[in-house]
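K.L.:
A predicted structure for the sequence below; I have some questions about it.
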Amino acid sequence: MQLSRQQLDNLETDGFLILPDVFSGPEIDRLRAAMPALLAEERPENTREAGGGKVRNALSLHRRSDVFARLVRHPRLVGPALQILGEDVYIQQAKVNPKEGFDGGGYEWHTDFATHHARDGVPRPLALNLHIFLDDVTEFNGPLMFVPGSHRREIPMQKTIDGEKWELWTVPRSAVAELVGELGLVSAKGGRGTMLIFGDNLLHVSAPNISPWPRWIFSLILNPVSNRATRASPEFAHERDFSPVRPLAEDCLLAA
Ligand SMILES: O=C(O)CCC(=O)C(=O)O
């Protein structure tokens, strides 16, 4: 899959791009069918909500499941990333955030790069975060919210702890108020099968899911091989195989 000139311009201007109907119903069903067994595993790659509740992030899924091993090499994910970055990329992180109805926690205001830089030693904010919506994502069930154009600004950061023990560099609320006042806020909504792309420097947040509906998303972070991590973090937080990802065939999710 290749993005149009207009889509590339929108990504450049806003820092994110929402692409409806990229993955089909049967493809999403195939991914979701693998999840109950993965979520039932007691292992460090399944982080938990604060207080040890439900799974918050199910990480390293491409090393735990055949269907996710194929998904991270899917041409509809890898093609646009190669097009945008113009160089080889490796898999930095692959996860599902299963933000359950009533119980799914939120995420404080942050840019991904602050953590990638401070914790993992990634030199530059080039990584792309590619999401696939495994449920309809609405204003009710905890969508990500972006400050469009914030990826071009210098934003102050502070170190905090997310979930039970995850390091997350967040943005002081005074700086958030100023940026949102000036640039506004957009919530990333879309039907099941929507794909979302956003850059490492984009300011974002998501509220807890207090609706009755689940909001599961798959998230793949692809980073240029030339921009690889220089510090070793837990492998599920930042994968250590820096070999270039090569796309598989269009039908790779349903063929096997
Ligand atoms: O799953 C969410 O609601 C937030 C995810 C997020 O902030 C991220 O992928 O950087």
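P.N.:
Alright, I've got the coordinates.
K.L.:
name the helices or strands packed onto the worst-scoring helix or strand of the chain on mean pLDDT?
P.N.:
In the chain, the helix or strand scored least confidently by mean pLDDT, DSSP states H and E is strand 158-162, which has a mean of 76. On a contact count with 3 or more CB pairs under 8 Å, 6 or more residues apart in numbering; DSSP states H and E, strand 158-162 meets strand 107-110, strand 166-170. Where C-beta positions appear, they are placed from N, C-alpha and C, glycine not excepted.
K.L.:
now the longest one: mean pLDDT?
P.N.:
Here strand 166-170 scores 80 as its mean pLDDT.
K.L.:
all numbers from here: first residue = 56
P.N.:
Shifting the count to begin at 56 puts that one at strand 221-225.
K.L.:
so it versus strand 213-217, what angle?
P.N.:
Relative orientation of strand 221-225 versus strand 213-217 (axes from the mean of the first three to the mean of the last three CA atoms, to 10 degrees): 140 degrees.
K.L.:
by contact count, what packs against strand 221-225?
P.N.:
strand 162-165, helix 167-173, strand 213-217.
K.L.:
pick the most deeply packed of the ones you listed.
P.N.:
Of all the helices and strands packed on strand 221-225, helix 167-173 has the most neighbours on average by mean count of other CB atoms under 10 Å, namely a mean of 22.
K.L.:
mind checking pLDDT for Ala149?
P.N.:
At Ala149, the pLDDT value in this model is 98.
K.L.:
grab the nearest non-local neighbour of it.
P.N.:
Nearest residue to Ala149, sequence neighbours excluded (CB to CB, 6 or more residues apart in numbering): His117, at 4.6 Å.
K.L.:
which residues touch the one you found?
P.N.:
Counting by CB atoms under 8 Å, 6 or more residues apart in numbering, His117 touches Phe123, Ala124, Leu126, Val127, Ile146, Ala149.
K.L.:
about what we covered before: would you format the helices and strands packed on strand 213-217 as CSV with distance to Arg174 included?
P.N.:
Below are the helices and strands packed on strand 213-217 laid out as CSV (distance: least, CB to CB, whole Å):
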stretch, distance to Arg174
strand 162-165, 12
strand 221-225, 5
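K.L.:
looking at those, which is nearest to Ile272?
P.N.:
Closest approach to Ile272 among those (CB to CB): strand 162-165, 11.4 Å.
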